[in-house]
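Novice: Build the 3D model from these lines:
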Amino acid sequence: MAICFEKQDSKFRIKSEAFSTDWLPDTGPNRKTMLVLLRILRDASGNALFTFQELAPLVGSDNRQAASNHVESFRDCGSDFLPFLNRKKKVDDAVVSAVLEEVRKNPLVKTKDLAERVNGALSRNDLSSANMESALEQAPYGAVRKSLLRMLETGQAHYKERSLLEEMAQIMPDNEKLRAFETGGKAGGGMELVDPTAVRNLVTPGVPLSSIHPGLKLIVALMVLFHYGIPLSVLGRWSGVNKTTVLRRILGLSLALWPKIYDLILKNCKPFAVYIDEKWLKIKGKWHYWFVVLDAKTKIPILSSLEPSRSNATCKWIGQKLTALRMIPKIIITDGLQGYNHLLERVTHIHCIFHHQLGVTRWLKKHFSDKDEIALRKRLMKGVFQAKDKRTVRLRFLKLKKKAAALGIEDWIKETERNFENLLAAVGSEKIPNTTNAVERFFRGFNRFYKIRCGFFSVLSAQRMLIFYQLMYLLIPQTGSGRAPIEHVFPEYKNTPLYQLVNNPLKALMGEDFVKKRPKFADLAGEALKTA
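Specialist: Here you go, the predicted model:
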């Protein structure tokens, strides 16, 4: 049904072959009301009589979006005309001015934080991040340019763009800044509590336990108990000090020990293949990601980094760190996160087959609902990589590809085909791992530690705790091999006082005779009678 809009002096009306309205005052509320009324009219089948495109001229536009916006605003008001007509424009001059004032203070503020600040400044609570985006479009760039330039000059502005990340790695002098960051320099923050000579004796092979100060032995014992989940309040009660003091001593010693152990890793570990994965952490209500690069042979974390995102730029930055540390492997094994494609150039990238197989199930549940259809396709799709011969895998995939249209899995075939060579390289190979199970086990152990801690409350405390966890991981023998990861690169570490204190604290603190003595029940009964 075609309609037209007629205007005469300061009035307007709507006219069609079937009906016509009276002449109405040409005001904004009247036009908005008529637009909504015409849009909500329905025929016998329940379809709208007029399209948004036909109604757009009523509000002075040739774009259907203009009409659609008014109808959506009406629905947002509960389909009630009075609130709809009385509704004020959220992003008015006052909002733009408040946004501009906050942006002058911090040009790189996030829209979510900006909305909170503007709401507080205007004593409101209805402004959203979308409103901030709209206000920023109206804010003049020249007003904030000076603030932005000042932040750049003082080094307060931080970016994630790939080109800047590459430049950061190129200008880093002699790796010293990176080494200081990775070895706890940034996470120290005045936590050094131990004499450097005492720390050196603690990690020197062949030094007798008797030469280590009893107080230092006690701190190591507290580290072990804390690692296995004994609450700080209990450790403080046992030690006769406040729990905060216990934590300060534990982390202080950890941060003093970590650079010495990490230097051993950098000097003695030459990775051929590495696993790379990330673990999410929630710090002060915001998601962070702990990236860990684990050597496939020794199961040692050669690099770890706590980052605010897992974007392509972040993954590129992890690769730049490995380059700066001269720890570039030949092969990287990942779970297939897209950002890892930007990690390192000229390195063979292997996708974990285990994660690929899990993805088959998720994809089928998303695209099919019938259990029998899912079971049939799952058997065929997972069967492609259930072989130890590359030729067999290729033949199975080509055979399934021919059936893809009939099975309705063309999209899965295309996605798998893009990653096929990354998956195929590890099939049947004795040198190249085909799963990331080792780094998954590393994170499972960390999960137990993380849950007991009930999260972290700042980025700095998280960095310190992550260093502490890695330190204990390197010193504690693994199930199966019976060797601590640090022994793979430095076998003599087993003879250091630190290793002995961590793995046998009772023997170290109380003496060998006390620990090994096993009195018989009759002896205990006799001693009890004597004392009675």
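
Novice: Low-confidence regions, this protein specifically.
Specialist: 1, 87-90, 137-195, 508-532 (pLDDT under 70).

Novice: And the strands in it, which stretches?
Specialist: Remark: strands assigned in the chain by DSSP state E are 3-8, 11-16, 24-25, 273-283, 286-295, 301-307, 331-334, 348-351.

Novice: for those strands, which one ends up most surrounded?
Specialist: strand 331-334 (a mean of 24; mean count of other Cβ atoms under 10 Å). Every C-beta, even on glycine, is put in place using the N, C-alpha and C of the backbone.

Novice: Return the distance of it from the chain's centre.
Specialist: On the basis of Cα atoms, centre = their mean, to the nearest Å, strand 331-334 sits 19 Å off its chain's mean C-alpha point.

Novice: on contacts alone, who are the packing partners of it?
Specialist: The contact analysis (3 or more Cβ pairs under 8 Å, 6 or more residues apart in numbering; DSSP states H and E) places strand 331-334 against strand 273-283, strand 348-351.

Novice: got the angle for the longest one vs strand 286-295?
Specialist: Translated: strand 273-283. Taking axes from the mean of the first three to the mean of the last three Cα atoms, to 10 degrees, one finds strand 273-283 and strand 286-295 inclined to each other by 160 degrees.

Novice: quick one: strand 273-283 to strand 301-307, angle?
Specialist: 30 degrees.

Novice: how near is residue 311 to residue 291?
Specialist: The spacing between residue 311 and residue 291, counted by Cβ to Cβ, to the nearest Å, is 12 Å.

Novice: Regarding the chain, what is its longest helix?
Specialist: helix 243-268 (DSSP state H).

Novice: Now that one: buried residues?
Specialist: For helix 243-268, the buried set under the neighbour-count rule, 16 or more other Cβ atoms under 10 Å, comprises 246-247, 249-262, 264-266.

Novice: Could you check the angle it makes with strand 286-295?
Specialist: Going by the same axes, to 10 degrees, helix 243-268 makes 40 degrees with strand 286-295.

Novice: helices or strands up against helix 243-268?
Specialist: Checking 3+ Cβ pairs under 8 Å, 6+ apart, helix 243-268 ends up next to helix 185-188, helix 196-202, helix 214-227, helix 232-239, helix 459-475.

Novice: at 6 Å what do you get?
Specialist: helix 214-227, helix 232-239, helix 459-475 (3 or more Cβ pairs under 6 Å, 6 or more residues apart in numbering; DSSP states H and E).

Novice: And those helices: which comes nearest residue 129?
Specialist: Nearest to residue 129, of all the helices and strands packed on helix 243-268, is helix 459-475, at 23.0 Å by Cβ to Cβ.

Novice: which helices and strands does the closest one pack with?
Specialist: Using 3+ Cβ pairs under 6 Å, 6+ apart: helix 459-475 touches helix 185-188, helix 243-268.

Novice: Residues contacting that helix, please?
Specialist: 184, 187, 227, 251, 254, 258, 283, 301, 306, 446, 449, 456, 484-486, 502 (Cβ atoms under 6 Å, 6 or more residues apart in numbering).

Novice: and of these, the nearest to residue 97?
Specialist: Residue 97 lies nearest to residue 283 out of these, by Cβ to Cβ, at 33.7 Å.

Novice: check contacts around the closest one.
Specialist: Applying Cβ under 6 Å, 6+ apart, the residues contacting residue 283 are 456, 459, 462.

Novice: Show me this structure divided up by domain.
Specialist: 3-86, 93-153, 353-424 (automatic domain parsing).

Novice: List the buried residues for stretch 320-328?
Specialist: So for stretch 320-328, counting by 16+ other Cβ under 10 Å, buried means 320-325, 327-328.

Novice: Now for those: which two are most distant?
Specialist: 320 and 327, at 11.6 Å, using Cβ to Cβ across the buried residues of stretch 320-328.

Novice: how many other residues sit next to residue 484?
Specialist: 21 (other Cβ atoms under 10 Å).

Novice: What are the boundaries of the helices in the stretch 401-532 of the chain?
Specialist: With DSSP state H, counting those that start in this stretch as the criterion, the stretch 401-532 of the chain has helices at 404-407, 410-418, 420-424, 437-453, 459-475, 497-503, 505-510, 512-516, 521-531.

Novice: List the residues that contact the residue nearest to the spatial centre of the chain.
Specialist: Note on the chain: the residue nearest the mean C-alpha position is residue 289, at 3.0 Å, using Cα atoms, centre = their mean. Neighbouring residues of residue 289 by Cβ under 6 Å, 6+ apart: 278, 280, 307, 310.

Novice: Tabulate those residues (CSV), appending distance to residue 428.
Specialist: Shown next, in CSV, are these (distance: Cβ to Cβ, whole Å):
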residue, distance to residue 428
278, 28
280, 34
307, 35
310, 31
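
Novice: Just name the closest of those residues to residue 13, please.
Specialist: For the contacts of residue 289, with residue 13 as the reference and Cβ to Cβ as the criterion, the closest is residue 310, at 58.4 Å.

Novice: how about the closest one, what does it touch?
Specialist: 278, 289, 339.

Novice: Now tabulate those in CSV and tack on distance to residue 36.
Specialist: Conversion of these to CSV gives the following (distance: Cβ to Cβ, whole Å):
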residue, distance to residue 36
278, 49
289, 46
339, 46
